[in-house]
Every structure is written in structure tokens, then in C-alpha cells.
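Q: I would like to see how this sequence folds:
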Amino acid sequence: MINGWEYIHCPVCGALVETYDICSKCNWQNTGETNIDGGPNKLTLKEAQAAYAKGQKIY
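A: Numbering: from 1, shown residues only. Now for the predicted structure:
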């Protein structure tokens, strides 16, 4: 919790991001602590992690 807001580490890049917010570092939209596949993200979590590791953009 920071200033009353819940933050988690982005499961794609590890940056600190507010829960249910879009990561400013890699553009992954966090879907809560579990970060389920589907929802607002076009890639699955595993696909996004692989793309980020290769330096590709995530939309």
C-alpha cells in the first residue's frame, strides 16, 4: 500500500504498478494479484513475458 493505493510488482517486467492499472514500463494491464490471462490484454501472461524478455513491445 502506498498512499492508500494497493501496488504489486508487474508480472511481466517487475516494475511497481498499481493493482488493475497499466504498467508504464511494459504496457501490461494488471488484472489483480493473480493476473489472469484474457481480459484487456491481447497476449497471455506467458506470451507477454516472453515478448518482454526479447525486447518486443506488449500491447
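
Q: Run through the residues that contact the nearest residue to A51 once chain neighbours are set aside.
A: Take A51 and drop its neighbours on the chain: the residue closest to it by Cβ to Cβ, 6 or more residues apart in numbering is I58, 5.5 Å away. In short, each C-beta sits where N, CA and C put it, glycine included. By Cβ atoms under 8 Å, 6 or more residues apart in numbering, the residues touching I58 are V12, C26, N27, W28, N41, L43, A48, A51, Y52.

Q: Format those as JSON lines; extra columns: distance to T19.
A: Output for those, formatted as JSON lines (distance: Cβ to Cβ, whole Å):
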{"residue": "V12", "distance to T19": "14"}
{"residue": "C26", "distance to T19": "16"}
{"residue": "N27", "distance to T19": "16"}
{"residue": "W28", "distance to T19": "12"}
{"residue": "N41", "distance to T19": "15"}
{"residue": "L43", "distance to T19": "19"}
{"residue": "A48", "distance to T19": "17"}
{"residue": "A51", "distance to T19": "22"}
{"residue": "Y52", "distance to T19": "19"}
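
Q: Name the nearest of these relative to E18.
A: W28 (12.5 Å; Cβ to Cβ).

Q: Just give the nearest non-adjacent residue to that closest one, would you?
A: Closest to W28 by Cβ to Cβ, 6+ apart is V12, at 4.3 Å.

Q: So for the one you found, what's the pLDDT?
A: Looking at V12, its pLDDT reads 94.

Q: any idea how far K25 is from it?
A: Noted for V12: a distance of 8 Å to K25, by Cβ to Cβ, to the nearest Å.

Q: Y59 too?
A: For Y59, the distance to K25 - Cβ to Cβ - is 14 Å.

Q: Report the mean confidence score over stretch 20-40.
A: Computed over stretch 20-40, the mean pLDDT rounds to 81.

Q: Straight-line length of that stretch, end to end?
A: End-to-end distance for stretch 20-40: 10 Å, by Cα to Cα, to the nearest Å.

Q: Buried residues, it. List them.
A: C23, C26, N27, W28, Q29, N30, T31, N35 (16 or more other Cβ atoms under 10 Å).

Q: can you redo the residues you listed as JSON lines with distance to L16 and secondary structure?
A: As requested, the buried residues of stretch 20-40 are arranged in JSON lines below (distance: Cβ to Cβ, whole Å; DSSP: H, G, I helix; E, B strand; the rest coil):
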{"residue": "C23", "distance to L16": "9", "secondary structure": "coil"}
{"residue": "C26", "distance to L16": "12", "secondary structure": "coil"}
{"residue": "N27", "distance to L16": "15", "secondary structure": "coil"}
{"residue": "W28", "distance to L16": "13", "secondary structure": "coil"}
{"residue": "Q29", "distance to L16": "15", "secondary structure": "strand"}
{"residue": "N30", "distance to L16": "11", "secondary structure": "coil"}
{"residue": "T31", "distance to L16": "16", "secondary structure": "coil"}
{"residue": "N35", "distance to L16": "14", "secondary structure": "coil"}
